[in-house]
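Enquirer: requesting a structural model of the entry that follows:
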Amino acid sequence: MGNPLHTVLCERLGCSAPIIQTAMGWVAEPSLVIASSNAGAFGFLGAAVMTPDEVREKILAVRKGTDRPFGVNFHSFQPGADRIVELILENREQVRAVSFGRGPNAKMIGRFKDAGILCIPTVGAVKHAQKMVELGVDMVSVQGGEGGGHTGSVPTTVLLPQVLDAVDVPVIACGGFADGRGLVAALSYGAVGIAMGTRFLLTKESPVPDVTKAEYLKASTDGIVVTTRLDGIPQRMIRSKLMDRIERSGNLGMWLRALEAGMQMKKQTGASWLEFIKAAKGMTSHGAMPLKQAMMAATMPMLIQKAVVEGDVEHGVMATGVVGGRIAEVPTCRELVDRIMEQARERLEALGVPAQQPVGAA
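Expert: Down below sits the predicted model:
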């Protein structure tokens, strides 16, 4: 019998643990990607909030910090997306996969596949998974309603088997995972691994300031809420004074926040207002999202940046999966991955399924 923890995800992505570190904007920086990849997981660089020059610099930083394969996340509608695609292709020797939400068309997916780069979109609905498979992707990551940030209403335990029944590519489970018990549960459904965001955010190598990590650790499951007041779309966030004020604000307040964040976005990225509008329209074309909502959604990273980059929890927002309500400590990535794999082996052995430590595992 083979090792049930060495799945097709491990074989195709070149990692020793069937665990993906997701591409959180402002969080999935080189330090976290290097640490998670060296620990045996598969790390994704969060390039969706980066300029092409930043992407070039940070891909190089990851390559200097690890010889393990890693992935890059981007959006096809972000400013400079065409240049980012070329940078990914130029680094095909080590960039093993790309991830995206609203992503490339079939032609671009074909370019990645021809270069040996796997396409692994994140989806939150059965129809989106089916559409991505029609376009030629290699795997899909399925995020249930427990996930952080923009989220749907269908829990992972319902959505995951629905997608597994609907597509014929490997499926990765996302939303609500943080330990080895969850990994074994996902594998028992038929998934080939799990993807985790909040759990990797709360590691020592995560670049998030300690003051912000402390806010995450204080949050109970009761203190994690879903709001539509940020950009009109359900998002899961830590409840805070700012979130309470936002909940009480009207449409004018939402527009003012969007314009302020848009100005900051222009200043940091150098994008023109035309590029900003184009990015917003790109979001509408993929999700039937009204332009008003898309414009606010396009500026959301700036509000997240306040908290996770600047440590300003008073004026920023903190996306989290509901699983964040039971995370109580900040391990290293190595400690986290090793512990998850040990817990998974213990659970499998309790069920009568041997799961030996693979030779040479990271």
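
Enquirer: who's in contact with stretch 95-103?
Expert: If you take Cβ atoms under 8 Å, 6 or more residues apart in numbering as the criterion, stretch 95-103 is touched by 13-14, 22-23, 42, 44, 48, 59, 69-77, 88, 109, 112, 117-123, 132, 138, 141, 282-283, 286-287. C-betas here are computed from N, CA, C, even on glycine.

Enquirer: tell me the mean pLDDT for it?
Expert: If you average the pLDDT over stretch 95-103, you get 88.

Enquirer: of the contacts of stretch 95-103, buried ones?
Expert: Among the contacts of stretch 95-103, those buried by neighbour count (16 or more other Cβ atoms under 10 Å) are 13, 22-23, 42, 44, 48, 59, 69-77, 88, 109, 112, 117-123, 132, 138, 141, 282-283, 286-287.

Enquirer: convert the helix or strand where Val226 lies to PDB, retaining C-alpha atoms only.
Expert: Using DSSP states H and E, Val226 sits within strand 224-227. Output of strand 224-227 as PDB, limited to C-alpha atoms (Å, rounded to 0.1, in the frame of the first residue of the first chain):
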ATOM      1  CA  ILE A 224     -15.300  36.700  13.300                       C
ATOM      2  CA  VAL A 225     -18.100  38.100  11.100                       C
ATOM      3  CA  VAL A 226     -19.200  38.100   7.500                       C
ATOM      4  CA  THR A 227     -19.900  41.600   6.200                       C
END
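
Enquirer: what packs against it?
Expert: strand 235-238, helix 241-248 (3 or more Cβ pairs under 8 Å, 6 or more residues apart in numbering; DSSP states H and E).

Enquirer: contacting residues for Gly145?
Expert: With Cβ under 8 Å, 6+ apart, Gly145 has these contacts: Gly124, Thr151, Gly152, Ser153, Val154, Pro155, Thr156, Leu159, Gly175.

Enquirer: repeat for Arg236
Expert: Here Arg236 is in contact with Glu146, Gly147, Gly148, Gly149, Thr151, Ile224, Val225, Val226, Ala319, Thr320, Gly321, Val322 (criterion: Cβ under 8 Å, 6+ apart).

Enquirer: can you name the two of these that sit furthest apart?
Expert: Greatest spatial distance among the contacts of Arg236 (Cβ to Cβ): Gly147 and Val225, at 14.0 Å.

Enquirer: tell me which of the two has more neighbours.
Expert: Gly147 (28 against 17; other Cβ atoms under 10 Å).

Enquirer: mind checking pLDDT for the more buried one?
Expert: pLDDT, Gly147: 95.

Enquirer: now it: how far from Gly316?
Expert: 20 Å (Cβ to Cβ, to the nearest Å).

Enquirer: got it, and Pro30?
Expert: Distance of Pro30 to Gly316, given as Cβ to Cβ: 22 Å.

Enquirer: burial count for Val192?
Expert: Other residues lying near Val192 total 20 when counted by other Cβ under 10 Å.

Enquirer: what residues are up against Leu89?
Expert: Leu89 sits next to Arg111, Phe112, Ala115, Ile117 when contact means Cβ under 8 Å, 6+ apart.

Enquirer: want to throw those residues into TSV with pLDDT?
Expert: Shown next, in TSV, are the contacts of Leu89 (pLDDT from 0 to 100):
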residue	pLDDT
Arg111	96
Phe112	97
Ala115	98
Ile117	98
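
Enquirer: contact partners of the strand or helix carrying Lys113?
Expert: Under the criterion of DSSP H and E, Lys113 resides in helix 106-114. Residues from elsewhere that reach helix 106-114 (Cβ under 8 Å, 6+ apart): 76, 85, 88-89, 98, 103-104, 118-119, 135-138.

Enquirer: can we see that at 6 Å?
Expert: Helix 106-114 is contacted by residues Val98, Cys119, Leu135, Gly136 when judged by Cβ atoms under 6 Å, 6 or more residues apart in numbering.

Enquirer: which one of those residues has the most neighbours?
Expert: Val98 (28 neighbours).

Enquirer: beta partners of that residue?
Expert: Counting by DSSP bridges, Val98 forms beta bridges with Val72, Cys119.

Enquirer: now it: how far from Val62?
Expert: According to Cβ to Cβ, Val98 stands 14 Å off from Val62.

Enquirer: in this structure, what secondary structure element scores lowest on mean pLDDT?
Expert: The helix or strand of the chain with the poorest confidence is helix 273-287; it has a mean of 56 (mean pLDDT, DSSP states H and E).

Enquirer: in this protein, where is pLDDT below threshold?
Expert: For the chain, the stretches flagged by pLDDT under 70 are 1, 103, 250-301, 357-362.
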